[in-house]
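**Q** Test case, fold it:
(one chain, ligands or ions: 1)
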Amino acid sequence: MPVPAQQAADDLAAALRAAGVEFDDSPLTRALYSSDASLYRVVPSAVVKARSADDVIAAREVARELRVPVTMRGAGTSIAGNAVGSGIVVDTRRFNRILDIDPAARTARVEPGVVHADLQRAAAAHGLRFGPDPSSHSRWPGGGL
Ligand SMILES: Cc1cc2nc3c(=O)[nH]c(=O)nc-3n(C[C@H](O)[C@H](O)[C@H](O)COP(=O)(O)OP(=O)(O)OC[C@H]3O[C@@H](n4cnc5c(N)ncnc54)[C@H](O)[C@@H]3O)c2cc1C
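**A** Take a look at the predicted model:
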């Protein structure tokens, strides 16, 4: 008979599979996502590789039903442990299109995994730039700001 923690992990995997969400609960991936650029270490139960809003919504529904925490994650460069958590970590790096830039309104619509430098390049073509200028800009998805 599985121990309770293993049962919970099996239930989570089964629910994510049933929801049609791409996820990875291998020991290697869970270890890789257990850290960000901080000193903190928290091993998640599963990592969802989101490609769309539907994936994020589906992961959130599974988390709500099973009462497990959800942590959103871009590049994991946060330095205060913000991008690690137990339960489900949702990696948005593949959910990363620039949907449109409206030069007149000076707005951009992007998906959360857009890398800041890519948005800057696209905005620069219209003589615009997106405000923040962190040194990690070539890595982190700035769309979530
Ligand atoms: C070497 C280095 C240099 C840095 N330089 C700077 C700098 O100059 N200026 C600066 O401001 N910061 C800097 N940082 C910090 C870090 O790069 C920034 O805070 C960056 O914006 C984090 O982006 P990320 O995509 O990696 O976020 P993550 O670390 O993945 O996540 C950060 C937080 O946002 C949340 N989150 C992520 N995606 C979503 C989403 N789609 N919806 C809701 N919440 C979400 C996460 O849950 C977490 O709480 C630096 C970090 C490093 C390691």
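
**Q** Please list the outside residues in contact with stretch 56-63.
**A** Residues from elsewhere that reach stretch 56-63 (Cβ atoms under 8 Å, 6 or more residues apart in numbering): 12, 15-16, 19-21, 23, 48, 50, 68-70, 87-88, 90, 92, 95. Yep, even glycine has a C-beta here, placed from its N, CA and C like the rest.

**Q** Report whether it contacts the ligand.
**A** No: using Cβ under 6 Å from any ligand atom, we find that stretch 56-63 stays clear of the ligand, coming within 7.7 Å at best.

**Q** Which residue lies closest in space to Ala117, excluding its sequence neighbours?
**A** Ser138 (4.5 Å; Cβ to Cβ, 6 or more residues apart in numbering).

**Q** so where's the protein uncertain?
**A** 1-3, 140-145 (pLDDT under 70).

**Q** List only those of the contacts of stretch 56-63 flagged as buried.
**A** With neighbours counted by 16 or more other Cβ atoms under 10 Å, the contacts of stretch 56-63 contain buried members at 12, 15-16, 19, 21, 23, 48, 50, 68, 70, 87-88, 90, 92, 95.

**Q** was I right about Ser86 contacting Arg67?
**A** No: using Cβ atoms under 8 Å as the test, Ser86 is too far from Arg67 to be in contact (11.8 Å).

**Q** So for the two, which sits in the more crowded spot?
**A** The neighbour count for Ser86 versus Arg67, taken as other Cβ atoms under 10 Å, is higher for Ser86 (13 against 8).

**Q** residues of the host helix or strand of Arg64 that come out buried?
**A** When secondary structure is defined by DSSP states H and E, Arg64 falls within helix 53-66. Residues of helix 53-66 classed as buried by neighbour count (16+ other Cβ under 10 Å): 55-56, 58-59, 62-63, 66.
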